[in-house]
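# Here's a sequence, model it:
(chains A, B, C and D)
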Number of protein chains: 2
Amino acid sequence: MSTETAPTERPAAPTLEGVAAEAGVSRSTVSRVINGSPKVTPEAIAAVEAAVRRLGYVPNRAARSLASRRTESVALVIPENTAKFFADPYFASVVQGAAMFLADTSYTLTLLIASETDPQKTRRYLQGGNVDGALVLSHHSDDRSYVELARQIPVVFGGRPLREEASSACYVDVDNVVAARTITERLVARGRTRLATIAGPADMAAGIDRLAGFRQAVEAAGLPEPLVEHGDFTPASGAEAMSRLLDRGAEVDGIFAASAQMASGALNVLRERGIGVPDQVGMVTIDNDYFAQNAVPPLTTIEQPTAAVGARMAEELLRLIDDERVPPVTMLPTSVVERGSE
Amino acid sequence: MSTETAPTERPAAPTLEGVAAEAGVSRSTVSRVINGSPKVTPEAIAAVEAAVRRLGYVPNRAARSLASRRTESVALVIPENTAKFFADPYFASVVQGAAMFLADTSYTLTLLIASETDPQKTRRYLQGGNVDGALVLSHHSDDRSYVELARQIPVVFGGRPLREEASSACYVDVDNVVAARTITERLVARGRTRLATIAGPADMAAGIDRLAGFRQAVEAAGLPEPLVEHGDFTPASGAEAMSRLLDRGAEVDGIFAASAQMASGALNVLRERGIGVPDQVGMVTIDNDYFAQNAVPPLTTIEQPTAAVGARMAEELLRLIDDERVPPVTMLPTSVVERGSE
DNA sequence: TTGTAAGCGTTATCAA
DNA sequence: TTGATAACGCTTACAA
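Model (predicted):
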């Protein structure tokens, strides 16, 4: 009868100590080689590297972290309420950008869903030395706690946090005001004069800024007070806002939807009511995702460098972790994608 | 002159030792309380918990991991080549399901982008004791290495791995054969007789299985040999496949697209060529994502419990980690969503 | 039930 | 340049 009880037989992983023995040097020297210290002789390096290869040695992260007091990992904080977080192409792309950037570094990305029921859990995790820093993709008005967090550990926000007073935090974003103004100007250039907007939430920076940009364009063109209905950036909310807009009875010939998802929902309503785009009403939006691309008709929109936003966030966070200076605000450029829907 | 040089002043985090002193017990007792050991008196528990609260103590993950030899974290392995991984609503939803499930446990989810240029990096990470297990969402033919990996650490696959010989791995999936057959039968029930399919990649289980299910339905109905064109599940590939299908000149009155994204691309081509759906040709697909929902016309499709797949994967992985037995194959049920496009 | 003490695998300090 | 040796903060036999 075998005395083995373990269902899975895993050989003990080689340790730094084992490598030291194999290479005929001390643990310190092995550690130095592993960490690329310059103060090691070529022979020692060679011996250690050979031993590492022979044994298939991989440093133990926990031990390293315990001794060095650095985890080499950062958290990506995602608000739980954004249940469909990943369903949003914008977020998906930002995450992708951050993940790809970090993949080329020694850092690891930990996904942290911020529990609504137990916000403390998130803070405990973040402050418990589990990560060296955090990327926060909230955007919501309740980002208050994260702004505070930024005083405790390095944090980079994706999108301008509403409460900017805490200058210790830095963020990466696009200029939503300019983007909205620019795309609205296309509507104006097409001769649209009775404008309306399906705006985003009034408690999110992107919602506020895009509405502001839209208003700037309307005023600059000397057009009458525009109609405004709010949505929450989702297709369904866009459809509802569009209905409300139409039900107000006012004539509208140009619409700026603050997100392509809302534009997509709005287009469905227009189609149902038999209103042609761009024949009867022009439509422009923001986000060059598949909602904008596959809309019927395809939409003239603003393209944001979403992956670049994520990558830049990660980059700045690592800088912050290394105690380097980073600009408090980084604005990435957007561009217009012309598709004739305006 | 101050002797402080640290740019950021962070007070030393309270340790278990500090809590022990504060509570007037030994470190072991604190540890027991923290870990919910039953062998502690209520008084001791109260004292420790009070001390923990007073000090705001948070256990150090690295130390705990080092001592217990468990990391309490699992990796989500994502193939780098799937550049638009997150852009795929299916993956996004599975990740979401896994993340939400884990959020309610003590486990952490680490995003691991599998570098193509340096596959060893991924294996080293996975085998280096950085995680207690891994969730693999590859689906591709090159999942060979991951199947091997499953012999080293607990692994749960999302979607049937092509090389199933390694029975040490387990996976969670839906029955793609049945799903494809079922939805194709709707086409048949509508009286469609000249069927075609825009199939998925021939080197992915989902592609193979859906094609097989489609063929089963065609044969069962006694219909003639169907036309087959392959795509890679993306909208663009669906459009191209649709074009090829039409260019073959054969009359087709019913199409099964193996993914809603491909169906979406195909619909664009049909629209351009003035072919009405469902008037002239019926279309059914798989995935009840926004591509299916917002297609024109909205598509009759198969709904998969995507989030549940992710949650189940995570659940089984934790079981595996606890050395419990889990079924090698878990099939989650799908359902038909009728929208009249067939 | 509680405490003592020996690790867990690295890094870091300080002599040599 | 190298090597002892002491942390790092926690878990876990083993004793009491």
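
# what's the burial count for A:Glu219?
A:Glu219 sits with 12 neighbouring residues when counted by other C-beta atoms under 10 Å in any protein chain shown. Any C-beta I mention is one placed from the backbone N, CA and C, and that applies to glycine too.

# how far away is the residue nearest to A:Gly133 when sequence neighbours are not counted from A:Ala169?
Of all residues not flanking A:Gly133 in the chain, A:Pro154 sits nearest, at 3.7 Å (C-beta to C-beta, 6 or more residues apart in numbering or on different chains). Using C-beta to C-beta, to the nearest Å, A:Pro154 is found at 9 Å from A:Ala169.

# per-residue pLDDT, the residue positioned nearest the centre of chain A?
The centre of chain A sits closest to A:Val94, judged by C-alpha atoms, centre = their mean, with a distance of 3.8 Å. Note for A:Val94: predicted pLDDT of 90.

# do the same with the one 5 residues further on
Predicted confidence (pLDDT) for A:Ala99: 90.

# next one: phi and psi at it?
Dihedral pair for A:Ala99: phi -60, psi -40, per degrees, to the nearest 10.

# picking up where we left off before, which of the helices or strands spans the residue nearest to the centre of chain A?
A:Val94 belongs to helix A:89-103 when assigned by DSSP states H and E.

# Would you state the strands of chain A in chain order?
A:73-79, A:108-114, A:133-136, A:155-158, A:170-174, A:195-199, A:227-230, A:254-257, A:282-286, A:300-303, A:329-332, A:335-337 (DSSP state E).

# can you put these in a markdown table and add mean pLDDT?
Shown next, in a markdown table, are those (pLDDT from 0 to 100):
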| stretch | mean pLDDT |
| --- | --- |
| strand A:73-79 | 89 |
| strand A:108-114 | 88 |
| strand A:133-136 | 93 |
| strand A:155-158 | 92 |
| strand A:170-174 | 93 |
| strand A:195-199 | 98 |
| strand A:227-230 | 97 |
| strand A:254-257 | 98 |
| strand A:282-286 | 98 |
| strand A:300-303 | 98 |
| strand A:329-332 | 95 |
| strand A:335-337 | 97 |
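
# Pick the most deeply packed of the ones you listed.
Among the strands of chain A, judged by mean count of other C-beta atoms under 10 Å in any protein chain shown, the one packed with the most neighbours on average is strand A:254-257 (a mean of 30).

# Return the distance of that strand from the chain's centre.
Computed by C-alpha atoms, centre = their mean, to the nearest Å, the chain-centroid distance of strand A:254-257 equals 25 Å.

# for it, packing partners?
Using 3 or more C-beta pairs under 8 Å, 6 or more residues apart in numbering or on different chains; DSSP states H and E, the elements in contact with strand A:254-257 are helix A:176-189, strand A:195-199, helix A:235-247, helix A:260-272, strand A:282-286.

# Now these in TSV, please, with extra columns for distance to A:Pro297.
Supplementary listing: the helices and strands packed on strand A:254-257 in TSV, determined by distance: least, C-beta to C-beta, whole Å:
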stretch	distance to A:Pro297
helix A:176-189	14
strand A:195-199	17
helix A:235-247	15
helix A:260-272	8
strand A:282-286	8
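
# Straight-line length of stretch A:160-177, end to end?
End-to-end distance of stretch A:160-177: 12 Å, with C-alpha to C-alpha, to the nearest Å as the criterion.

# Confidence-wise, which helix or strand of chain A is lowest on average?
When the helices and strands of chain A are scored by mean pLDDT, DSSP states H and E, helix A:144-149 comes last with a mean of 70.

# Check the offset of stretch A:299-306 from the chain's centre.
Centroid separation for stretch A:299-306 versus its chain: 16 Å, with C-alpha atoms, centre = their mean.

# So A:Gly213 sits against A:Ala179, correct?
Yes - with contacts counted by C-beta atoms under 8 Å, A:Gly213 reaches A:Ala179, the gap being 6.4 Å.

# Name the residues contacting each of those two.
Taking C-beta atoms under 8 Å, 6 or more residues apart in numbering or on different chains as the contact criterion, no residue touches both A:Gly213 and A:Ala179.

# I'd like to know how far A:Arg61 sits from B:Leu112.
Distance from A:Arg61 to B:Leu112, by C-beta to C-beta: 13 Å.

# what's the answer for A:Ala50, then?
Distance, A:Ala50 to B:Leu112, using C-beta to C-beta: 28 Å.

# go on, A:Arg163?
A:Arg163 sits at a distance of 34 Å from B:Leu112 (criterion: C-beta to C-beta).

# Same check on A:Arg319?
Distance from A:Arg319 to B:Leu112, by C-beta to C-beta: 23 Å.

# Nearest to chain B among the helices and strands packed on strand A:254-257 would be which one?
Chain B lies closest, by C-beta to the nearest C-beta, to one member of the helices and strands packed on strand A:254-257: helix A:260-272, at 6.0 Å.

# what helices or strands is that closest one leaning on?
Packing partners of helix A:260-272 (3+ C-beta pairs under 8 Å, 6+ apart): strand A:195-199, helix A:235-247, strand A:254-257, strand A:282-286, helix A:290-293.

# Select, out of those, the one closest to A:Lys121.
Comparing those by their distance to A:Lys121 (C-beta to C-beta), the top pick is helix A:235-247, with 29.5 Å.

# Extract the CA atoms of that closest one and return them as CSV.
Output of helix A:235-247 as CSV, limited to C-alpha atoms (Å, rounded to 0.1, in the frame of the first residue of the first chain):
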residue,chain,number,x,y,z
PRO,A,235,-28.4,51.8,-25.8
ALA,A,236,-31.6,51.4,-23.9
SER,A,237,-31.3,54.8,-22.3
GLY,A,238,-30.5,56.3,-25.7
ALA,A,239,-33.7,54.9,-27.1
GLU,A,240,-35.7,56.3,-24.2
ALA,A,241,-34.1,59.7,-24.4
MET,A,242,-34.8,59.8,-28.1
SER,A,243,-38.5,59.0,-27.5
ARG,A,244,-38.7,61.8,-24.9
LEU,A,245,-37.1,64.1,-27.3
LEU,A,246,-39.6,63.4,-30.0
ASP,A,247,-42.5,63.5,-27.7
